[in-house]
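Visitor: sequence unavailable; structure follows:
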């Protein structure tokens, strides 16, 4: 059994960024990571552009100008403008090549034929020069950039329609257990509703992983072996919940060994989530999570989600902060613990209902308090390590 710190280290060092690169429309590029540098195909802006509604001036020495016309955004015009002349212009419109300045309309007294400035104009004021944002051929966004909504907009302003990104992994979720039935059916004695697959799929979708499939399997070795083997062949990442302990009907570990999955680690000195398995088969990644929902979700956030982000090329770790405890808590045993909690401001409250089988406290939590192995109790006012949930 290894420590939490060692398990996190092994997960990070064993996971590599995918080599699979796909070309997708920029409309689908949100939350992906660029696989190549993007050079701008154009100057941006591609022409001298007015930054204001106002008047383009043929000179800056005078305060009175002859009004000779108008240019609005989208006009394909470059009218001649001389000293002492002014053209009405609107934000985003092309500035005439002979114009020396644009003065904002609020600083002008205008008639139909002339304008009078309230103050002297400044050379090149309110004119966006060609290539002010980026010049043709310059790197618009470098490789490894995580694409946000503003990044999509920026790429669109450059006229791009497609980008190369790292392919996000396909993910299979396998829920094991004879006692599990889908919500909506009537419970018989000894049965419970299966929640892990829909919970993990929801957490994956929340974090922008959409290629997710869920499976349910009963505790029979041949069926467990067959399903795990086929999903490893079909998917990049396989998440298994339940069946990883050492009970008579826990067949997941035995099946993983028979299939040839390399064990990176099994069992972590933590609560909840001690019977966590992490392994690899060639380029495929396999996590076997405990069956208890609270354990499964804690392990997902601490180990699985960072691994998925790294595979996808995203530099991401869960945010960690220090908060002041409003609670008291006594830790039993010497394992590290992850406690469901609520952070408000600079304070954190440890919730009741910390059992690994319970999800109610997780449903109310926005953070996990991390208690290292050597921490035995928490007092009100203690500074605690807190992991913010996404």
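Guide: Perfect, thanks for sending it. Since we're looking at a predicted model, the values are computed, not measured.
Visitor: bridged to residue 387, which residues?
Guide: Legend: beta-bridge partners of residue 387 under DSSP bridges are residue 320, residue 368.
Visitor: so for it, what's the pLDDT?
Guide: At residue 387, the model reports a pLDDT of 97.
Visitor: these two touch, right, it and residue 366?
Guide: No: if you go by Cβ atoms under 8 Å, residue 387 and residue 366 don't touch, sitting 10.4 Å apart. Placement of C-beta: from N, CA and C, glycine included.
Visitor: more neighbours, these two?
Guide: Between residue 387 and residue 366, counted using other Cβ atoms under 10 Å, residue 387 has the larger neighbour count: 19 against 14.
Visitor: contacts only, for the more buried one.
Guide: Counting by Cβ atoms under 8 Å, 6 or more residues apart in numbering, residue 387 touches 301-302, 318-320, 338, 367-370.
Visitor: going through those residues, which ones are buried?
Guide: Buried by 16 or more other Cβ atoms under 10 Å: 301-302, 338, 367-370, out of the contacts of residue 387.
Visitor: please enumerate the helices of the stretch 101-250 of the chain.
Guide: 149-157, 196-206, 221-234 (DSSP state H, counting those that start in this stretch).
Visitor: now those helices in CSV, with mean neighbour count, mean pLDDT and distance to residue 112?
Guide: Converted to CSV, those look like this (neighbours: other Cβ atoms under 10 Å; pLDDT from 0 to 100; distance: least, Cβ to Cβ, whole Å):
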stretch, mean neighbour count, mean pLDDT, distance to residue 112
helix 149-157, 15, 97, 37
helix 196-206, 18, 97, 60
helix 221-234, 17, 97, 74
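Visitor: what helices or strands is the helix or strand bottoming out on mean pLDDT in the chain leaning on?
Guide: Each helix and strand of the chain was given a mean pLDDT (mean pLDDT, DSSP states H and E); the minimum falls on strand 180-181 at a mean of 87. Counting contacts by 3 or more Cβ pairs under 8 Å, 6 or more residues apart in numbering; DSSP states H and E, strand 180-181 is packed against strand 192-193.
Visitor: residues in contact with the strand it packs on?
Guide: Contacts of strand 192-193 (Cβ under 8 Å, 6+ apart): 179-183, 187.
Visitor: in ChimeraX, select just the buried ones from those residues.
Guide: To isolate the buried members of the contacts of strand 192-193 in ChimeraX, using 16+ other Cβ under 10 Å:
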select :180,181
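Visitor: now for the contacts of strand 192-193: which two are most distant?
Guide: 179 and 183 (13.9 Å; Cβ to Cβ).
Visitor: mind giving me the domain split of the chain?
Guide: Using automatic domain parsing, the domain parsing of the chain gives 4-19+168-311, 21-43+132-166, 49-128, 320-388.
Visitor: quick one: end-to-end distance for the first one.
Guide: Read it as domain 4-19+168-311. 21 Å (Cα to Cα, to the nearest Å).
Visitor: could you number the chain from 6 rather than 1 from now on?
Guide: I'll keep to 6 as the first residue from here, and by that count the last item is domain 9-24+173-316.
Visitor: surely residue 124 and residue 112 touch.
Guide: Yes: look at residue 124 against residue 112 with Cβ under 8 Å: they come within range, at 5.9 Å.
Visitor: same drill for those two, tell me which one is more crowded.
Guide: Taking other Cβ under 10 Å, residue 124 and residue 112 do not tie; residue 112 has more neighbours (15 against 9).
Visitor: nearest residue to that one other than its sequence neighbours?
Guide: Leaving out its chain neighbours, the residue that sits closest to residue 112 by Cβ to Cβ, 6 or more residues apart in numbering is residue 123, at 4.8 Å.
Visitor: quick check: the one you found vs residue 92, distance?
Guide: Relative to residue 92, residue 123 is positioned 18 Å away (Cβ to Cβ, to the nearest Å).
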